[in-house]
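>>> can't give you the sequence, but here's the structure:
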């Protein structure tokens, strides 16, 4: 899909990969709708983008992706402003690390809600508009943790592994309708992820394979929107 002029919703847009993707999309000419829980953060990103591209509209919408009424309002506001939704980037996510034998099930349910059910709900929310126009792109942000076996990541990685499967099935189901569903697996990335873990010890990149910048991940994500490829896996340097 051509990014220039595309209407793009990005969840988790207040920091990290989401904010970096918003900057890259804005620079490429997209009409960006920023969704995030922290209104002051998404407002700050929106002001930055407006200053960088005064010729492109930017909207910031406080959104808790686990609340269906918030997702409904996000979609309705976007359609009111632009009349269509071309791209959804499901980036919002939450981490929790613990050995499987000790994993707090309440925290497990919480990240399952954010990392799996919320992206599915967001897809369902934008699909009527995409189906009506006969085209659209959905990018689900997974994790390299879902592609390997790493101690303490069982709960987190399993939510992302489930997202991988849902994405693959949705891609097959929606392709005949002109809607492309793709997946990106970031490596450890510079962000606030470790600072907002629900529990457990952060996982740090080794010296020989430093973490990626959010800007690098955003560039790869934008390329995935353009290409329509099934998947992008970002490997350690």
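Thanks, I have it. Quick caveat: nothing in here was measured; it's all calculated off a predicted structure.
>>> so the residue at the greatest distance from the centre of the chain: helix, strand or coil?
Distance to the chain centre peaks in the chain at residue 101, reaching 29.3 Å (criterion: CA atoms, centre = their mean). Under DSSP: H, G, I helix; E, B strand; the rest coil, the three-state class of residue 101 is helix.
>>> and the residue nearest the centre of the chain, what is it in contact with?
Nearest residue to the geometric centre of the chain (CA atoms, centre = their mean): residue 91, 1.4 Å. Contact analysis of residue 91 by CB atoms under 8 Å, 6 or more residues apart in numbering lists 10, 11, 12, 13, 17, 18, 21, 141. No exception for glycine: its C-beta is placed from N, CA and C like everyone else's.
>>> out of the residues you listed, which are buried?
10, 11, 12, 13, 17, 18, 21, 141 (16 or more other CB atoms under 10 Å).
>>> next, the second one: phi, psi?
It stands for residue 11. Main-chain torsions, residue 11, degrees, to the nearest 10: phi -90, psi 160.
>>> mind putting the contacts of residue 91 into TSV with distance to residue 221?
Listed next are the contacts of residue 91 as TSV, based on distance: CB to CB, whole Å:
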residue	distance to residue 221
10	10
11	13
12	12
13	12
17	7
18	10
21	5
141	8
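>>> among those, which pair sits farthest apart?
The most widely separated members of the contacts of residue 91, counting by CB to CB, are 13 and 141 (11.7 Å).
>>> distance check, residue 33 against residue 200.
32 Å (CB to CB, to the nearest Å).
>>> those two: which is more packed in?
Shown here are residue 33 and residue 200; by other CB atoms under 10 Å, residue 33 has more neighbours (29 against 20).
>>> doesn't the more buried one belong to a strand?
Yes: remark: residue 33 belongs to a strand, assigned using three-state DSSP.
>>> out of the contacts of residue 91, who's nearest residue 107?
Residue 107 lies nearest to residue 12 out of the contacts of residue 91, by CB to CB, at 18.6 Å.
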